Structures are given as C-alpha cells and as structure tokens.
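**Student:** No letters, just coordinates:
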C-alpha cells in the first residue's frame with residue numbers, strides 16, 4: 001500500500017492479515033519505509049515541502065513506484081534500494097493524479113491546479129494529461145542507464161452535455 005501526505009512524505013506499507021482461533025480478526029498495517037519525497041531547498045537553505053498528490057506502483061517490479069508532487073515533479077523510486085531513479089520537472093505545475101497501466105508499460109498522469117493555494121490559484125495552471133512509455137530499464141535502480149521514457153501530450157477538450165427535458 002502506498003500513501004502520500006500533505007507534508008511531502010511518501011509511505012510504503014504492507015498489510016498483514018492477523019488470525020486468531022482460525023478466523024481473520026483484523027488487518028495490521030506495517031510500515032516498510034517513510035521518506036520525504038517532494039521537497040525543494042532554495043538558496044536560503046530553508047527546506048520547502050510539497051504535498052504528494054499521487055502515487056502509483058508498477059506491477060512489473062514490486063519495488064518500483066512513482067510519485068507526483070505539488071512542486072511539479074514526477075519521480076520514479078526504488079524503495080528496496082531507497083533511491084530515486086529519475087525525476088521529471090513540469091515548470092512548477094503540480095502533478096495531480098497518475099495511474100500505471102496494469103502491465104506496467106505506460107504511466108498516465110495529469111498536471112494542473114491542486115488547490116494548494118485555495119481559490120487564489122484558480123486559472124494559474126493549464127491542465128494537461130501526459131502518457132509516458134515506461135521501458136524495462138526504468139523500473140530498477142540496479143540498471144546504470146537512464147530510463148527510456150517517451151512523452152505524449154494529450155490535449156484536454158472540455159465537453160458539456162445538456163440534458164433536455166421533454
């Protein structure tokens with residue numbers, strides 16, 4: 001199970017089914033790793049943390065996952081080796097959602113406004129949807145080559161439906 005927090009942390013936990021007297025009584029959540037995933041340190045050396053808005057696992061590699069943050073970064077991680085694999089920047093436009101394809105070959109994600117600035121941020125970011133092809137060399141820190149990533153931008157078209165009453 002993966003979780004992201006508003007204070008920039010990512011948490012990977014496993015769920016254990018505890019049994020007593022032959023029956024399943026409860027589920028226990030055991031933390032595997034928690035770390036600061038989305039932060040920036042400007043020139044004045046003050047750390048600024050950003051929310052982890054999205055998290056998605058790749059089914060091809062159990063230790064590979066991606067996070068999307070409020071600072072506009074999409075990051076690939078290998079939590080077994082506790083290392084960042086690759087980081088993508090989106091000019092400070094927050095990554096708001098993501099989903100890995102069931103075979104792990106594609107990662108679709110959205111960038112746009114994440115409501116971190118309340119009503120004052122409306123209209124500040126143009127919403128976009130992207131799709132990355134995730135190559136085999138992108139899912140493990142043990143490979144020394146950079147990931148093979150291809151980006152395709154999909155235009156978002158607003159469609160409205162008017163319900164007519166008869």
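**Tutor:** Arrived safely. Model, not experiment: these values are computed from the prediction.

**Student:** Can you get me the start-to-end distance on stretch 88-97?
**Tutor:** 15 Å (CA to CA, to the nearest Å).

**Student:** what does that stretch rub up against?
**Tutor:** With contacts defined as CB atoms under 8 Å, 6 or more residues apart in numbering, stretch 88-97 is touched by 50, 53-54, 68-75, 109-114, 116, 125-128, 149. From N, CA and C alone the C-beta is placed, and that goes for glycine too.

**Student:** and the residue nearest the centre of the chain, what is it in contact with?
**Tutor:** Nearest residue to the geometric centre of the chain (CA atoms, centre = their mean): residue 67, 2.4 Å. Contacts for residue 67 (CB under 8 Å, 6+ apart) come out as 4, 10, 37-38, 52, 54-55, 74-75, 77.

**Student:** May I see these arranged in TSV, with pLDDT as well?
**Tutor:** Formatted as TSV, those follow (pLDDT from 0 to 100):
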residue	pLDDT
4	87
10	90
37	88
38	88
52	94
54	94
55	93
74	91
75	91
77	90
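
**Student:** Out of those residues, list just those in helices.
**Tutor:** Of those, none are assigned to helices by DSSP state H.

**Student:** And those, which is closest to residue 98?
**Tutor:** Distance to residue 98 across those (CB to CB) is lowest for residue 54, with 4.2 Å.

**Student:** Make sure the closest one is actually in contact with residue 109.
**Tutor:** Yes: counting by CB atoms under 8 Å, residue 109 is a contact partner of residue 54 at 6.8 Å.
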